[in-house]
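Asks: sequence and predicted structure, then a few things I'm wondering about:
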Amino acid sequence: MQKLFRSLEIFQSAALCDARRRMSWTEFETHFIVTATAHANDLGIGYFHLLPEDLGWVLSRMSIKVHRWPTINDRLWVDSWVVSFNRFMSRRDFRMVDAEGNVLAEACSVWVCINLTTRRPSARQWPEECLGADAQTSPELGDFPRLGAIENPCHIQIVDWAYRDIDFYGHVNSARYVEHLVDAIHAYCRANDNACDDFDNLTRMDISYLHEARLGDSAVLRLAEYETEPSADHPDRHGKEADFEILLGDGTPICRARFS
């Protein structure tokens, strides 16, 4: 019988915490991706199942909302389930809970099936038993926001992809983008004698992957800082947000993101 729901246990060691002694944004996304990978294997649609067809999954979008930051020595569980799918893509949701069952973070994501040779989306029929929408309640993150181009950046920097940024598909790993975004926030803060507290206290990340990048590609990161107000849709919105885009040398956008 196929498993509609997957749970992985995590021990939050000091090595997995950032300088504020809490789980980093990169670790959040990585734990969600690892759980998604394990669940895809359970369902018979994982890497080695699709490889003979020259197919693979790539992350297209992810939204993460943090309710409480995991810290050193926390025991955590990440739950994942498939909400919907069509021939080209699927939506998968996540929840992170502590040992008492408290929800620490929620996430939703969109994954696209691509042909590994053409690097284009590829249609495939998926078994109905992959759908686990009834297994859990979906996170209340709303629709994925539209992330537009940066009009007036307050910070621009060159991105030099290193070998460590490249994954087994031969392109930049999705979690590595997040590292570069967070590093850019702190580079901007240091350059402006800002302690970065406003940015460090943001609790939501939305990220969209638009085009792949490879080792040797030149890229430019652009950051814009905005003041925000609470709204009916986002009553807990913080007073500041950071919007990003990363462009290839020819101007092609490869990633857009927002921390809010």
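Replies: Nice, thanks for sending it over. Numbering: from 1, shown residues only.
Asks: tell me the SS of Asn152?
Replies: coil (DSSP: H, G, I helix; E, B strand; the rest coil).
Asks: and whichever helix or strand Val110 is part of, what does it pack onto?
Replies: Assigned by DSSP states H and E, Val110 falls within strand 103-115. Packing contacts for strand 103-115, counted by 3 or more C-beta pairs under 8 Å, 6 or more residues apart in numbering; DSSP states H and E, involve helix 25-42, strand 55-66, strand 89-98. Quick note: C-beta positions are derived from backbone N, CA and C, even for glycine.
Asks: strands paired with the following helix or strand past that strand, and their directions?
Replies: Sequence-wise, the next helix or strand downstream of strand 103-115 (DSSP H and E) is strand 155-160. Strand 155-160 pairs in its sheet with strand 218-227 (antiparallel), by DSSP bridges.
Asks: low-confidence ranges in the stretch 51-200 of the chain?
Replies: Applying pLDDT under 70 to the stretch 51-200 of the chain picks out residues 129, 131-138, 195.
Asks: go with 80
Replies: Under the criterion pLDDT under 80, the flagged ranges of the stretch 51-200 of the chain are 126-140, 193-198.
Asks: can you say which of the helices and strands packed on strand 103-115 is nearest to Leu147?
Replies: strand 55-66 (9.0 Å; C-beta to C-beta).
Asks: where's Tyr188, which helix or strand?
Replies: helix 174-191.
Asks: then that helix to CSV, C-alphas only?
Replies: Output in CSV follows, covering the C-alpha atoms of helix 174-191 (Å, rounded to 0.1, in the frame of the first residue of the first chain):
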residue,chain,number,x,y,z
SER,A,174,17.9,25.4,-4.9
ALA,A,175,19.1,25.7,-1.3
ARG,A,176,22.3,27.5,-2.4
TYR,A,177,20.2,30.4,-3.8
VAL,A,178,18.8,30.9,-0.3
GLU,A,179,22.3,31.1,1.2
HIS,A,180,23.3,33.8,-1.3
LEU,A,181,20.2,35.8,-0.5
VAL,A,182,20.8,35.7,3.2
ASP,A,183,24.4,36.6,2.7
ALA,A,184,23.4,39.5,0.6
ILE,A,185,21.0,40.8,3.3
HIS,A,186,23.9,40.9,5.8
ALA,A,187,26.3,42.4,3.3
TYR,A,188,23.8,45.2,2.7
CYS,A,189,23.4,45.7,6.5
ARG,A,190,27.1,45.8,7.2
ALA,A,191,27.6,48.4,4.4
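Asks: using CSV, list the CA coordinates for whichever helix or strand comes after that helix.
Replies: Later in the chain than helix 174-191, the nearest helix or strand by DSSP H and E is helix 197-200. The C-alpha coordinates for helix 197-200 follow below in CSV (Å, rounded to 0.1, in the frame of the first residue of the first chain):
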residue,chain,number,x,y,z
ASP,A,197,17.6,42.9,13.4
ASP,A,198,14.6,43.8,11.2
PHE,A,199,15.6,41.3,8.6
ASP,A,200,16.6,38.6,11.1
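Asks: please identify the buried residues of helix 197-200?
Replies: 198-200 (16 or more other C-beta atoms under 10 Å).
Asks: what comes up buried for the helix holding Tyr188?
Replies: Counting neighbours by 16+ other C-beta under 10 Å, one finds that the buried residues in helix 174-191 are 174-182, 184-185, 188-189.
Asks: can I get the residues you listed in a markdown table with distance to His155?
Replies: Shown next, in a markdown table, are the buried residues of helix 174-191 (distance: C-beta to C-beta, whole Å):
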| residue | distance to His155 |
| --- | --- |
| Ser174 | 22 |
| Ala175 | 21 |
| Arg176 | 19 |
| Tyr177 | 16 |
| Val178 | 17 |
| Glu179 | 16 |
| His180 | 12 |
| Leu181 | 11 |
| Val182 | 13 |
| Ala184 | 6 |
| Ile185 | 8 |
| Tyr188 | 4 |
| Cys189 | 9 |
